[in-house]
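1. Below are the sequence and a predicted model; questions follow.
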Amino acid sequence: MTVLVVTALGFERAAFAHLAGRSGWRVASTGVGPARAADGLQKLIQAERPELVIGAGVCGALVAELRLGHLVLPSEAVTPEGERESLALDERLCHLAQRFADRSGGAVRIGDRIASVARVASTPGEKRDLARQAGASAVDQETFAWARVARSAGIPFLAVRVVLDEADEHLVSWRPSTWLGALRLPARALRARRTLRAFGREWPCWRS
């Protein structure tokens, strides 16, 4: 059985380098955004013919309870336009995530919605509006597209995300209010990737 782990960026893919050389595992990046995510995964499915796809990477928080480094395992991906895709929730993986969070002093949200957007929600106001509109606790750009492609191919799809930016934070832009965040971003991104890597190291036991 081949498990395909897909990320948007090479930065996220590097968290799963330990899986790339293992039998039965493939790790690849599709690019950022819905269009690249869909096109990239379609090509990967044709090439790899996996029996399970895991979409992994960082996300933004839309609710105050989610903080930097928290795990998110959603059960549904939605778009601002109201489209929905169900996501698989593997009981053993959810249990593993909860144990990992407890052991590492973090937290995990299981079974929430994640909103997938074409344009990044970059301000606290935009995040609040999206949370209210979509009923979601987290946001990214690729999960909905990946899930739709996987469903069309008849392949189960799981999503695992780690929070990078919190609900009350501005993402980096030209606004002076975001410049301090720009200085902090590399360290925060490395922390989020360390969480992905540490959790990902437990996946071979989960699939054994």
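-> Yep, that arrived. Numbers count the residues shown, from 1 in each chain.
2. from here on, contacts and neighbour counts on C-alpha atoms
-> Fine.
3. ok, residues contacting stretch 85-103?
-> With C-alpha atoms under 8 Å, 6 or more residues apart in numbering as the test, stretch 85-103 has contacts from 70-71, 73-78, 107-108, 110-111, 144, 147-148, 156-159, 199, 203, 206.
4. Centroid-nearest residue for the chain?
-> The residue lying closest to the centre of the chain (C-alpha atoms, centre = their mean) is Arg161, at 3.1 Å.
5. How is it assigned, secondary-structure-wise?
-> Following DSSP: H, G, I helix; E, B strand; the rest coil, Arg161 is assigned to strand.
6. Hmm, Ser75 and it touching each other?
-> No. Using C-alpha atoms under 8 Å, Arg161 is not in contact with Ser75; the gap is 12.0 Å.
7. For Ala28, give the beta-bridge partners.
-> On the basis of DSSP bridges, Ala28 is bridged to Val6.
8. Leu66 versus that one, what's the distance?
-> Look at Ala28 and Leu66: by C-alpha to C-alpha, to the nearest Å, they are 27 Å apart.
9. same question, Val58
-> According to C-alpha to C-alpha, Val58 stands 13 Å off from Leu66.
10. re earlier: can you pull up the bridge partners for the residue nearest to the centre of the chain?
-> Judged by DSSP bridges, the bridge partners of Arg161 are Gly57, Val72.
11. what sits against it?
-> Counting by C-alpha under 8 Å, 6+ apart, Arg161 makes contact with Gly55, Ala56, Gly57, Val58, Cys59, Leu71, Val72, Leu73, Leu196.
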